[in-house]
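Q: Quick check, what structure comes out for this input:
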Amino acid sequence: QVQLVESGGGLVLPGGSLRLSCAASGRIFRVNRMAWYRQAAGKERELVASVARDGTTRYAGAVEGRFDASRNNAENRIYLQMHALKPEDTALYYCHANVIGEMWGDGADYWGKGTLVTVSS
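A: Reported below is the predicted structural model:
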């Protein structure tokens, strides 16, 4: 089994910055794609940013230029540096990872429990 644990959420003023971190642990042979999703109250969960194992990143249009996603393959971690935060960025942010548990195994998807980001004055 694999666990994903997020950290770094909190309350921040509009225009401020915050850095989220997520660590994967457990039965891991290799972590493929890692990503951040978010879900605001009353809305569907949406992709914020993804990072492939080779470091290739993709961003949602709403965060392009403000958020920067990165990962550390040696530590099975993904980060999300958020700048110029807006009230509409308020949401529960979830970490997602596709993990291969053993050599020759198939990848499986795992989710963290989320960390709350609130942008408010």
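Q: mind listing what Gly114 touches?
A: Glu6, Gln39, Leu92, Tyr93, Tyr94 (C-beta atoms under 8 Å, 6 or more residues apart in numbering). All C-beta atoms are positioned from the backbone trio N, CA, C, and that covers glycine.
Q: Near the closest residue in space to Arg45 that isn't next to it in sequence, how many residues? Count them for me, please.
A: Spatial nearest neighbour of Arg45, chain neighbours left out: Gln39 (4.2 Å); criterion: C-beta to C-beta, 6 or more residues apart in numbering. Neighbour count for Gln39, taken as other C-beta atoms under 10 Å: 14.
Q: What confidence value was assigned to Gln39?
A: Here, the pLDDT recorded for Gln39 equals 98.
Q: wait, it sits on Leu92?
A: Yes. Between Gln39 and Leu92 there is a contact under C-beta atoms under 8 Å: 5.2 Å.
Q: so where does the spatially most central residue of the chain fall, helix or strand?
A: The structure's the chain has its C-alpha centroid closest to Trp36; by C-alpha atoms, centre = their mean the separation is 2.6 Å. In this structure, Trp36 is located in strand 30-39 according to DSSP states H and E.
Q: May I have the strands that pair with that strand, each with its orientation?
A: Neighbouring strands of strand 30-39 in its sheet, by DSSP bridges, are strand 46-51 (antiparallel), strand 91-100 (antiparallel).
Q: mind saving the C-alpha coords of that strand as PDB?
A: Extracted in PDB, the C-alpha atoms of strand 30-39 (Å, rounded to 0.1, in the frame of the first residue of the first chain):
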ATOM      1  CA  ARG A  30       8.700   3.700  -9.000                       C
ATOM      2  CA  VAL A  31       6.500   6.800  -9.000                       C
ATOM      3  CA  ASN A  32       5.300   7.800 -12.400                       C
ATOM      4  CA  ARG A  33       3.200  10.900 -12.800                       C
ATOM      5  CA  MET A  34       2.500  13.100  -9.800                       C
ATOM      6  CA  ALA A  35       0.000  15.900  -9.700                       C
ATOM      7  CA  TRP A  36      -1.900  18.400  -7.600                       C
ATOM      8  CA  TYR A  37      -5.700  18.700  -7.800                       C
ATOM      9  CA  ARG A  38      -8.000  21.000  -6.000                       C
ATOM     10  CA  GLN A  39     -11.600  21.100  -5.000                       C
END
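Q: Thank you, goodbye.
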